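all I have is the shape, not the residue letters:
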């Protein structure tokens with residue numbers, strides 16, 4: 001089967017014909033506190049050392065206990081050098097968060113590349129839930145920084161951008177399923193938002209262990225599957241068929257009497 005390659009920051013993804021192209025990463029231009037965009041190899045290496053030090057210290061000490069001085073010491077550079085790259089500790093965290101979010105976005109894009117329909121929606125939904133939960137489990141080392149950043153004003157704005165962007169994606173991924181059974185664009189929009197909120201409500205608030213992973217996947221799938229099944233059973237077309245059948249049955253009863 002012929003395939004195309006499309007760029008998803010920071011990866012190149014392989015997609016099959018008739019699948020959805022990846023949407024742009026919503027935080028591509030949103031990084032806060034970056035003072036210097038290095039181009040030389042030595043500067044790039046120093047920047048990577050700073051980010052690695054920030055991630056390691058946040059994991060060991062907790063995000064709130066880290067200082068720029070500790071980051072500089074771990075990176076084996078002067079504190080002034082660290083400030084040449086980032087305005088403060090939180091700017092380092094936000095950069096790490098953006099890297100994590102870009103990987104998460106790439107995973108979402110691949111998991112939602114095939115639009116859902118009445119035949120494949122349960123399989124597609126489960127596959128997406130499994131993919132994203134496994135990503136969270138695989139990225140445990142980022143968890144303290146992710147939660148810290150999302151508690152800050154800048155992080156809240158970033159999380160909101162991701163939610164809005166994924167809602168737009170869901171209208172192309174989930175939308176065909178609901179439009180096919182008679183829901184209007186406005187109703188489909190509302191349903192997709194509700195599904196995303198259900199998904200967020202079942203997101204883990206602590207690091208996901210290997211033991212907890214199957215239960216969390218199943219819990220999230222059950223909640224979303226139940227809601228989607230209910231919406232499909234109440235679909236306008238289904239309702240119209242049921243109403244027509246009742247009217248037909250009523251006319252037959254009148255004629256027989």
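In hand now; what should we look at? Nothing here was measured: the structure is a model prediction, and the numbers come from that model.

tell me the buried residues in the helix or strand harbouring residue 198?
Element membership for residue 198 (DSSP states H and E) is helix 185-201. For helix 185-201, the neighbour count (16 or more other CB atoms under 10 Å) marks 188, 189, 191, 192, 195, 196, 199 as buried. For glycine as for every other residue, the C-beta is placed from the backbone atoms N, C-alpha and C.

of these, closest to residue 132?
residue 199 (8.6 Å; CB to CB).

give the contact list for the closest one.
129, 220, 224 (CB atoms under 8 Å, 6 or more residues apart in numbering).

tabulate those (a markdown table), appending pLDDT.
A markdown table is the format used below for those (pLDDT from 0 to 100):
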| residue | pLDDT |
| --- | --- |
| 129 | 95 |
| 220 | 93 |
| 224 | 96 |
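
of the residues you listed, which belong to helices?
Judged by DSSP state H, those include 129, 220, 224 as members of helices.

want to throw the buried residues of helix 185-201 into JSON lines with distance to residue 91 and pLDDT?
Putting the buried residues of helix 185-201 into JSON lines (distance: CB to CB, whole Å; pLDDT from 0 to 100) gives the following:
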{"residue": "188", "distance to residue 91": "39", "pLDDT": "97"}
{"residue": "189", "distance to residue 91": "36", "pLDDT": "97"}
{"residue": "191", "distance to residue 91": "38", "pLDDT": "97"}
{"residue": "192", "distance to residue 91": "34", "pLDDT": "97"}
{"residue": "195", "distance to residue 91": "34", "pLDDT": "96"}
{"residue": "196", "distance to residue 91": "29", "pLDDT": "94"}
{"residue": "199", "distance to residue 91": "30", "pLDDT": "90"}
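
dump those to CSV, plus distance to residue 178.
CSV is the format used below for the buried residues of helix 185-201 (distance: CB to CB, whole Å):
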residue, distance to residue 178
188, 5
189, 10
191, 6
192, 8
195, 10
196, 14
199, 16
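
so where do the helices sit in the stretch 101-250 of the chain?
Assigned by DSSP state H, counting those that start in this stretch, the helices in the stretch 101-250 of the chain fall at 121-138, 143-149, 153-173, 175-180, 185-201, 213-233, 236-256.

most packed of these?
helix 143-149 (a mean of 21; mean count of other CB atoms under 10 Å).

right, so of the helices of the stretch 101-250 of the chain, which gets closest to residue 45?
The nearest among those, by CB to CB, is helix 143-149 at 21.2 Å.

how far does the closest one sit from the chain's center?
15 Å (CA atoms, centre = their mean, to the nearest Å).

which one of the contacts of residue 199 is nearest to residue 111?
Nearest to residue 111 out of these is residue 129 (CB to CB; 8.6 Å).

just to revisit the earlier point, run the angle between the helix holding residue 198 and helix 121-138 for me.
Relative orientation of helix 185-201 versus helix 121-138 (axes from the mean of the first three to the mean of the last three CA atoms, to 10 degrees): 40 degrees.

end-to-end on stretch 82-90?
End-to-end distance for stretch 82-90, by CA to CA, to the nearest Å: 13 Å.

buried sites along that stretch?
82, 85, 86, 89, 90.

distance between it and the chain's centre?
Distance, centroid of stretch 82-90 to centroid of chain: 28 Å (CA atoms, centre = their mean).
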